[in-house]
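Engineer: Sequence isn't available, so here's the structure alone:
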């Protein structure tokens, strides 16, 4: 079985660098997909309250027979539950849906700056962390100005900032801020929802290495040190996306993929999205 490298988060927790995401997957399909991923060797699973598939994820985890301490489970707090008390309640709901006693990582899903409530939510996450209910806390879709406000609180610095990131949207400013503050960058939509899989640059590199275009892009992420969570419901692709550790991209190939930047955002902009 493939040994997946880990990233040491700023609180010392080890997180697998490659995980499995379930965004836009139905609850029933999630059970099957997560079961396939776990059987293939994934141990990090990323879900969220708003996905509506925490229960399906939990069923697959329970049926896997894999020891809890071998798994790394992430979920996320939705915008409607921002605020101190609402966050604490939402966390309990997510745990119940997943059938777990704790999460390895809990993220604020979006800053929703128009609500001005993410700092209260962060204080709630800090309490859950202090109480031993979560191993690590972080954020998703946060821009540097949102992160600065959390850091200015003087408490816990997020361990992870999960953002849309792929060759067409490389988030240089966000990545630089994350690195400067010891925050790991995690890429969602790492394949740009498939938009780059037919790009001649990517397909040419894939042909040279006798791998798929998706494997090329995922390898590009890994070699730049990012955590990545590809999604698929196709068993062959689930297994293929894990098979990334027997080839390397050259410096020239990495630079060629870097040149695909075009501000190709597929999701909303965090500064404007309030749910």
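Structural biologist: Received it, and whenever you're ready, just let me know what you need. Quick caveat: nothing in here was measured; it's all calculated off a predicted structure. Residues are numbered from 1 along each chain as shown.

Engineer: buried set for stretch 59-73?
Structural biologist: Within stretch 59-73, the residues scored as buried using 16 or more other CB atoms under 10 Å are 59-61, 64, 71-73. To be clear about C-beta, it is placed using only N, CA and C from the backbone, and glycine gets the same treatment.

Engineer: Take those residues and lay them out in a markdown table including distance to residue 47.
Structural biologist: As requested, the buried residues of stretch 59-73 are exported to a markdown table (distance: CB to CB, whole Å):
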| residue | distance to residue 47 |
| --- | --- |
| 59 | 12 |
| 60 | 10 |
| 61 | 10 |
| 64 | 15 |
| 71 | 12 |
| 72 | 12 |
| 73 | 8 |
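
Engineer: now, the most widely separated pair of these?
Structural biologist: Using CB to CB, the buried residues of stretch 59-73 reach their maximum pairwise distance at 59 and 72, which is 18.0 Å.

Engineer: Got the phi and psi for the residue nearest to residue 94 when sequence neighbours are not counted?
Structural biologist: Among residues not flanking residue 94 along the chain, residue 75 sits closest, at 4.8 Å (CB to CB, 6 or more residues apart in numbering). Here is the backbone geometry of residue 75 (degrees, to the nearest 10): phi -140, psi 180.

Engineer: got a pLDDT number for residue 75?
Structural biologist: Looking at residue 75, its pLDDT reads 98.

Engineer: Touching, it and residue 92? I think so.
Structural biologist: No - look at residue 75 against residue 92 with CB atoms under 8 Å: they stay out of range, at 11.7 Å.

Engineer: Tell me the strands beside the strand or helix carrying residue 45, with direction?
Structural biologist: Using DSSP states H and E, residue 45 sits in strand 44-46. The sheet places strand 44-46 alongside strand 20-21 (parallel), strand 72-77 (parallel), with pairing taken from DSSP bridges.

Engineer: That one: how far from the chain's middle?
Structural biologist: Relative to its chain's centre, strand 44-46 lies at 8 Å (CA atoms, centre = their mean, to the nearest Å).

Engineer: immediately after that strand, which helix or strand?
Structural biologist: Next element after strand 44-46 (DSSP H and E): helix 54-64.

Engineer: and that next one, what's its mean pLDDT?
Structural biologist: Helix 54-64 carries an average pLDDT of 98.

Engineer: Please list the residues outside it that contact it.
Structural biologist: 22, 25-35, 38-39, 45, 47-48, 71, 73, 75, 94, 97-100 (CB atoms under 8 Å, 6 or more residues apart in numbering).

Engineer: go on, stretch 92-102?
Structural biologist: 47, 49, 54-55, 57-59, 61-62, 68, 73, 75, 77, 103, 106, 132-135.

Engineer: wait, residue 87 sits on residue 81?
Structural biologist: Yes - using CB under 8 Å, residue 87 is in contact with residue 81, at 5.9 Å.

Engineer: got any residues that touch both of these two?
Structural biologist: In terms of CB under 8 Å, 6+ apart, residue 87 and residue 81 are both contacted by the residues residue 121.

Engineer: these two touch, right, residue 27 and residue 53?
Structural biologist: Yes - counting by CB under 8 Å, residue 53 is a contact partner of residue 27 at 4.5 Å.

Engineer: Mind checking which of these two has more residues around it?
Structural biologist: Comparing residue 27 with residue 53 by neighbour count (other CB atoms under 10 Å), the higher total belongs to residue 53, at 26 against 17.

Engineer: got the contact list for the more buried one?
Structural biologist: Applying CB under 8 Å, 6+ apart to residue 53 gives the contacts 22, 25-27, 30, 47.
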